[in-house]
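A predicted structure for the sequence below; I have some questions about it.
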Amino acid sequence: MPDQMPALLIDSASRHYAGTAAPAVDGVTLDVAAGEFLALLGPSGCGKSTLLRMVAGFERLDAGRIAVGGRTLSGPSTHVPPEERRIGLVFQSYALWPHMTVDGNVAYPLETARVPKADRERRVRAALETVGLTGYEARRPAELSGGQRQRVALARCLVMSPELVLLDEPLANLDVHLRAAMEEEFADFHAKTGATMVYVTHDQAEAMALATRIAVLDRGRLAQVAPPRTLYREPATPMVAGFVGQGAVVEGAVLTAAAEGRCRVRLFGAEAVVRCRSGQGEGPALFCLRPEDLEPDPQGPITATVVRAAYKGGFVLVEAEPAEAPGVRLTLRVGGDAHVAPGEALRLAIRDGWVVPEGDGAAG
């Protein structure tokens, strides 16, 4: 049986702005399955919003192809206008008409498409019910909370039955408590509609909480695409290892080749066993050490000095500098009752870690 056609196919897509040395998007190839929730994650300026605008049709490609549902929308000789792409868009600014009611804002794209009134009213009711805004039809945006305005934007998107929903930093303007609540709203929206969604964010916590898979962009290029757990546990590059999750990317050496996904390594003058890819060879390498990979141990082989300690309620987040690697900062968590102060000596044990595949060859 042939593989199902992806809902979104991005094939070697590039965009280079005049007057800039490097492309904003550089040969990105990515496919999104029907019903998938994909997050585009990366630091400011990595190209994620530009890529989203290319999919939406607001930016033309310099090279490559973009197809939705098997239909080519952008390519060397093709550029379908945004309004003809059947793609829903949700922005951080909501983009609601302030003089219109909730009902009017949601119905607006149907009116411009000349959808008959009876069908229009039915679809607006269904969309508002899906996002939990039944009963708010007569209110105007100024009478709604930020989260409610975002739900109006979602309903307006949903009412057009888009093949694909694009969300560009939709929670960036909300406070921290409302962001957490809206994460649940987006997850519910995805579960109820089964829509294919591509979500741009620089916030890794949002991406981890919502996405089926996460695509990390680095200076316009695709660094890694993986489910959240894989991305966190097995970063493919030093950039991904350092950007995703707390932790440290450090130099060391692999002493024995991989056996059943584990290998013996030397870090900070001590030996440890960490996770690695199949076929990992010996020699200098880079390692990703998460806070949970390290623990205080009076008998631990690594001597370090506490640089910073921050009480977080249930635990203390500690930054420590190994004696064998001045300037390196290791992050670990200790019990909330522990009293740890900067300048104190600490002995550490490495319980786990990951050999970063593209870190091979780093100085040990």
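Yep, that arrived. Numbering: from 1, shown residues only.

for the stretch 51-200 of the chain, what spans make up the strands?
Taking DSSP state E, counting those that start in this stretch as the criterion, the stretch 51-200 of the chain contains strands spanning 63-68, 71-75, 78-79, 87-91, 164-168, 197-201.

hey, least reliable of those strands by pLDDT?
Of all the strands of the stretch 51-200 of the chain, the segment with the smallest mean pLDDT is strand 87-91, scoring a mean of 85.

without its sequence neighbours, what residue ends up closest to Arg120?
Leu110 (4.5 Å; Cβ to Cβ, 6 or more residues apart in numbering). For the C-beta atoms, the positions are set from N, CA and C on the backbone; glycine is no exception.

what's the local residue count around that neighbour?
20 (other Cβ atoms under 10 Å).

thinking again about what came up before, mind putting the strands of the stretch 51-200 of the chain into CSV with distance to Leu348 and mean neighbour count?
Formatted as CSV, those follow (distance: least, Cβ to Cβ, whole Å; neighbours: other Cβ atoms under 10 Å):
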stretch, distance to Leu348, mean neighbour count
strand 63-68, 47, 20
strand 71-75, 51, 19
strand 78-79, 56, 14
strand 87-91, 45, 22
strand 164-168, 41, 23
strand 197-201, 33, 25
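
quick one: closest of these to Glu271.
strand 197-201 (39.0 Å; Cβ to Cβ).

other SSEs contacting that closest one?
Contacts defined by 3 or more Cβ pairs under 8 Å, 6 or more residues apart in numbering; DSSP states H and E place strand 197-201 against strand 37-41, helix 48-56, strand 164-168, helix 204-210.

just the ones you listed: most buried one?
Highest mean neighbour count of the helices and strands packed on strand 197-201: strand 37-41, a mean of 26 (counted as mean count of other Cβ atoms under 10 Å).

angle of it against strand 164-168?
Orientation of strand 37-41 against strand 164-168 (axes from the mean of the first three to the mean of the last three Cα atoms, to 10 degrees) gives an angle of 30 degrees.

tell me the angle of strand 37-41 relative to strand 197-201?
20 degrees.

what lines up beside strand 37-41 in the sheet?
Partners of strand 37-41 in the sheet, by DSSP bridges, are strand 197-201 (parallel), strand 213-218 (parallel).

I'd like those written out as TSV, with distance to Glu143 added.
Shown next, in TSV, are those (distance: least, Cβ to Cβ, whole Å):
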stretch	distance to Glu143
strand 197-201	27
strand 213-218	36
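
what's across from Val334 in the sheet?
Val316.

how many residues are close by it?
Using other Cβ under 10 Å: Val334 sits among 19 other residues.

go on, Pro109?
Neighbours of Pro109 (other Cβ under 10 Å): 17.

in the stretch 201-350 of the chain, which spans are strands?
Residue ranges of the strands in the stretch 201-350 of the chain, as given by DSSP E, counting those that start in this stretch, are 213-218, 221-226, 248-254, 262-267, 270-275, 283-289, 294-296, 302-311, 315-322, 330-335, 345-350.

just so I know, which of those lies nearest Pro98?
Here strand 213-218 is closest among the strands of the stretch 201-350 of the chain (Cβ to Cβ), at 34.0 Å.

now that closest one - C-alpha only, PDB.
Extracted in PDB, the C-alpha atoms of strand 213-218 (Å, rounded to 0.1, in the frame of the first residue of the first chain):
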ATOM      1  CA  ARG A 213       7.000  16.600  16.000                       C
ATOM      2  CA  ILE A 214       9.300  19.600  16.300                       C
ATOM      3  CA  ALA A 215      11.400  21.000  13.500                       C
ATOM      4  CA  VAL A 216      14.400  23.000  14.700                       C
ATOM      5  CA  LEU A 217      15.800  25.700  12.400                       C
ATOM      6  CA  ASP A 218      19.300  27.000  12.600                       C
END
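
need the nearest residue in space to Ala24, chain neighbours excluded.
The shortest distance from Ala24 to any non-neighbouring residue, by Cβ to Cβ, 6+ apart, is to Thr50 (4.5 Å).

how close does the one you found sit to Arg123?
32 Å (Cβ to Cβ, to the nearest Å).

export the helices and strands packed on strand 197-201 as CSV, with columns for distance to Thr237.
Converted to CSV, the helices and strands packed on strand 197-201 look like this (distance: least, Cβ to Cβ, whole Å):
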stretch, distance to Thr237
strand 37-41, 13
helix 48-56, 16
strand 164-168, 25
helix 204-210, 15
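
right, and these - which one's nearest Cys157?
strand 164-168 (5.8 Å).

give me the contacts around that closest one.
7-8, 32, 49, 52, 55-56, 68, 86-92, 157-158, 186, 195-200 (Cβ atoms under 8 Å, 6 or more residues apart in numbering).

how about the nearest residue to Tyr311 once chain neighbours are set aside, what does it touch?
Nearest residue to Tyr311 in three dimensions, chain neighbours excluded: Gly336, at 7.1 Å (Cβ to Cβ, 6+ apart). Neighbour list for Gly336: 311-316 [criterion: Cβ under 8 Å, 6+ apart].
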